[in-house]
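>>> Here is the input, now give the coordinates:
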Amino acid sequence: MTSLSSDYTGCTVFIYGTGGDHLGSTLVSSYDKKQLRIEVLELPEVLVAGAGCKLLIMSSPAPCEYLGRVVREGAKSLIAMYQGQEKENRKSVRYKINTTALIENLVCDLKAFPLLKPLEIKLINISKSGVRFSAPVYALIDGNRFQMRMKISDSEKVLIAEVIHHTNIGHEITEYGCRFLIGN
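Below you'll find the model as predicted:
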C-alpha cells in the first residue's frame, strides 16, 4: 500500500468534493510528509480555505485515495491530509470522471502487443482499484489485459488493467468494468 512517504511530485491528482463530485484534475507540484501537506498546481475555485475534499492520486504502482482540507498560504494551493492517513476502504470508492483515454496495447504473458489502431475509450468512473469505461461494442472481452494511457493536464499515466465484466448498452456501446493489475 502506498503512503504519504511516497513521492507524489508530478503525479496526476483528481480532486473531488466531499459529496463525490469531480471538481477538477491537476498535478502535484510538491509534497511535505512532515507537515502532511500536498501542493497542487491548480485548485478548483469552488474549494475555499477549510473546505474538505477527496484526492485520487495516480501514483505507481497503484492510485492512492486521501481525505484532506484546503489550506491557503499566499499563492500556494495546499491540501492538508487528515491525520496523514490514506482513506481506508474495504471496497474502493468510485469517483465519476468525464475524460477519455487510449488503449494502445493488449498484454499477455507480461508482453505488450500493440493494437493496429489505438482504441479511444470514455472513462465513467475510477477508483484506486479499477476503472469503468465505455467503448464500441465487443472491443474487448472479459479477461483481456491492456495498457491504458490517460493524459490529464501535462501529465500522462499508463495503467495496466484487466476486464472483469462488461455490459452491452444498446447496439453500439459496451461498458467495461476493469481492475488495475498491480505488480504484473
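>>> So which residue is smack in the middle of this protein?
Met58 (4.9 Å; Cα atoms, centre = their mean).
>>> okay, that residue: pLDDT?
With respect to pLDDT, Met58 scores 83.
>>> can you check Lys122 too?
94.
>>> Renumber starting at 18 from here on
Understood, numbering begins at 18; the last thing we discussed is Lys139.
>>> Would you enumerate the residues in contact with it?
Listed by Cβ atoms under 8 Å, 6 or more residues apart in numbering, the contact partners of Lys139 are 116-117, 150-152. To be clear about C-beta, it is placed using only N, CA and C from the backbone, and glycine gets the same treatment.
>>> The lowest-mean-pLDDT helix or strand in the chain: what's the following helix or strand?
The helix or strand of the chain with the poorest confidence is strand 93-103; it has a mean of 63 (mean pLDDT, DSSP states H and E). Where DSSP states H and E defines the elements, the next helix or strand beyond strand 93-103 is strand 112-125.
>>> what's in contact with that following strand?
With Cβ under 8 Å, 6+ apart, strand 112-125 has contacts from 31, 33, 37-39, 42, 71, 73, 129-132, 135-144, 150, 152, 156-157, 161-169, 177.
>>> In that strand, which residues are buried?
Using 16 or more other Cβ atoms under 10 Å as the test for burial, strand 112-125 gives 112, 114, 118-124.
>>> how about the strands in the protein?
All strands of the chain, identified by DSSP state E, fall at 29-34, 39-49, 54-57, 69-74, 81-90, 93-103, 112-125, 128-143, 147-153, 162-169, 172-186, 190-197.
>>> So which of the contacts of Lys139 is the closest to Glu62?
Checking these against Glu62 with Cβ to Cβ, the nearest one is Thr116 at 19.3 Å.
>>> ok, now how distant is the closest one from Ile177?
19 Å (Cβ to Cβ, to the nearest Å).
>>> that older thread, could you pick out the buried ones from the contacts of strand 112-125?
With neighbours counted by 16+ other Cβ under 10 Å, the contacts of strand 112-125 contain buried members at 31, 33, 39, 42, 71, 73, 136, 138, 140-144, 150, 152, 156-157, 161-165, 167, 169, 177.
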